[in-house]
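>>> Everything below, folded, please.
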Amino acid sequence: MSIKFHKGEHLPTSSLPFNPAVEAGGFIFISGQASVDINGKIINDNFDNECRRSFENVRTILNGAGLSFEDVVQVRNYVADQGDLKRFNEIYKEYFSEPYPARTTLIGCLGNLLKFEVDVVAFRKG
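A predicted model of the protein is given here:
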């Protein structure tokens, strides 16, 4: 089994010590994605825009690996404010549909800097 580290100009970067995605055994582990631009600069915004920007960063990484949201098997979500949970679930359905991937959602764990963060595991079929 080989391990591939997905990097590239088209993928969001960070000054923190991690890769955007690592592939092993057909699974692609995408690191936590937040409301950041391609250079890793945080873009503070309202919850809806931060959530969508985070999911769009995931989409960029999935597409770079030749995958889509349909290939996602697990999603971990981090929502700063419990008051945003209803909106989160509505936005989540814009990106995922039945049969939904396995999912965990943690509330109140991000501090003041971010309103939302997400990490996913996808599987390359065949």
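>>> Residue 48 contacts residue 87, correct?
Yes: counting by CB atoms under 8 Å, residue 87 is a contact partner of residue 48 at 6.2 Å. In short, each C-beta sits where N, CA and C put it, glycine included.
>>> And stretch 77-95, what's buried?
Across stretch 77-95, burial judged by 16 or more other CB atoms under 10 Å covers 77, 78, 79, 80, 84, 87, 88, 91, 92, 95.
>>> Contacts made by it with the rest, please.
Under the contact criterion CB atoms under 8 Å, 6 or more residues apart in numbering, stretch 77-95 has outside partners 32, 47-48, 51-52, 55, 58-59, 69, 103-111, 114-118.
>>> For burial, what's the neighbour tally of the closest residue in space to residue 24 that isn't next to it in sequence?
Among residues not flanking residue 24 along the chain, residue 3 sits closest, at 4.8 Å (CB to CB, 6 or more residues apart in numbering). Residue 3 has 8 neighbours, counted by other CB atoms under 10 Å.
>>> Quick check: phi and psi on residue 3?
The phi and psi values for residue 3, taken as degrees, to the nearest 10, are phi -120, psi 130.
>>> Next: residue 53.
Note on residue 53: backbone dihedrals following degrees, to the nearest 10 are phi -60, psi -40.
>>> list the helices and strands the helix or strand of the chain with the lowest mean pLDDT packs on?
Sorting the helices and strands of the chain by mean pLDDT, DSSP states H and E puts strand 3-6 at the bottom, at a mean of 77. Of the remaining helices and strands, those touching strand 3-6 by 3 or more CB pairs under 8 Å, 6 or more residues apart in numbering; DSSP states H and E are strand 21-24.
>>> next one: the helix or strand hosting residue 62 to chain centre, how far?
Using DSSP states H and E, residue 62 sits in helix 47-64. Mean-position distance between helix 47-64 and its chain equals 6 Å (CA atoms, centre = their mean, to the nearest Å).
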